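Undergrad: let's see this in three dimensions:
(one chain, ligands or ions: 1)
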Amino acid sequence: MQKNKPDYYNNLDKVYIKIWELLIKGLENRNAPFHIPIFICGNKNKVDGRIVVLRGVNEKEKKIWFHSDIRSNKIKIIKSNPESVLLFYDKEEKIQLRISGLAKINYQNDTTHNSWKKTAHMSRQCYLGDKAPGSTIDIPSSGLTENIDNLKYSKEESEFGYKNFCVIETFIKSVEWLYLAAKGHRRAYFSLKNNSLEKKWLIP
Ligand SMILES: Cc1cc2nc3c(=O)[nH]c(=O)nc-3n(C[C@H](O)[C@H](O)[C@H](O)COP(=O)(O)O)c2cc1C
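TA: Next up is the predicted model:
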């Protein structure tokens, strides 16, 4: 084993453990790079990526999720093609993850109800605009009233946002790992399909 190499350097099982550790860290620590992955989805005419906030990780059910506005453009794309990717990079750890899976849009169900209950007052602001995200406007605007811009709304008033709120879960099919090392990168692939775990090394 090389000096100064992490213990997972040549060990697929430890890489897999590290993946879930980094996801949990990203979930719990808002300053962790894994807190804000890029969610990528597309159809045959268009592919697009955008930053989202990681809101949930469930290793047992092999899924991760984020919150969104049901009126946003990505919803139409996911409905036409749920195949999607969450892309993560941690500069200090020198680790890139490409998590591929099927996106499921939860809207006005138990999942959204439970998540909405836990959303912070400030986070609800995003769901309190009259117009859909991405709508064109004549003048520069947040799309919110001045009171909402200034977080002057009661908890009760914030309930209005629930009708725009959704939770997008990604049911993971595979994870591709890349670790950058000065002397020898490492790349690994994990297939999580059908409740089984297959793992293999790839040439970086
Ligand atoms: C730091 C940061 C965090 C964001 N978090 C989310 C999020 O959790 N959910 C979300 O839908 N959009 C989030 N956005 C906004 C998206 O990047 C994107 O602009 C928005 O979702 C509209 O994308 P769409 O038109 O492709 O649907 C975030 C943006 C930034 C810069």
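
Undergrad: longest strand of this structure?
TA: Longest strand in the chain, counting residues (DSSP state E): strand 165-179.

Undergrad: what residues sit buried inside the helix or strand that Ile24 is a member of?
TA: Element membership for Ile24, per DSSP states H and E: helix 12-28. Buried positions in helix 12-28, judged by neighbour count with 16 or more other C-beta atoms under 10 Å: Leu12, Val15, Tyr16, Lys18, Ile19, Leu22, Leu23, Lys25, Gly26, Leu27. C-betas here are computed from N, CA, C, even on glycine.

Undergrad: what's the answer for stretch 99-112, then?
TA: Residues of stretch 99-112 classed as buried: Ile99, Ser100, Gly101, Ala103, Ile105, Asn106, Thr111, Thr112 (neighbour count, 16+ other C-beta under 10 Å).

Undergrad: how far does it sit from its chain's centre?
TA: The chain centroid and the centroid of stretch 99-112 are separated by 11 Å under C-alpha atoms, centre = their mean, to the nearest Å.

Undergrad: is it in proximity to the ligand?
TA: No - applying C-beta under 6 Å from any ligand atom, one finds stretch 99-112 separated from the ligand by no less than 11.4 Å.

Undergrad: which other residues reach that stretch?
TA: Contacts of stretch 99-112 with the rest of the structure, by C-beta atoms under 8 Å, 6 or more residues apart in numbering, involve 37, 41, 63-64, 70, 75, 78-79, 82-88, 162-163, 165-176.

Undergrad: give me the pLDDT value at Ala182.
TA: Looking at Ala182, its pLDDT stands at 87.

Undergrad: from the contact counts, what lies against whichever strand or helix holds Ile148?
TA: Element membership of Ile148, judged by DSSP H and E, is helix 146-149. If you count contacts as 3 or more C-beta pairs under 8 Å, 6 or more residues apart in numbering; DSSP states H and E, helix 146-149 packs onto no helix or strand.

Undergrad: distance check, the spatially most central residue of the chain against Trp201.
TA: Nearest to the geometric centre of the chain sits Leu54, at 4.4 Å (C-alpha atoms, centre = their mean). Applying C-beta to C-beta, to the nearest Å, the value for Leu54 to Trp201 is 27 Å.

Undergrad: identify the residues contacting Pro6.
TA: Counting by C-beta under 8 Å, 6+ apart, Pro6 touches Lys18, Tyr179.

Undergrad: confidence score at it?
TA: pLDDT recorded at Pro6 is 95.
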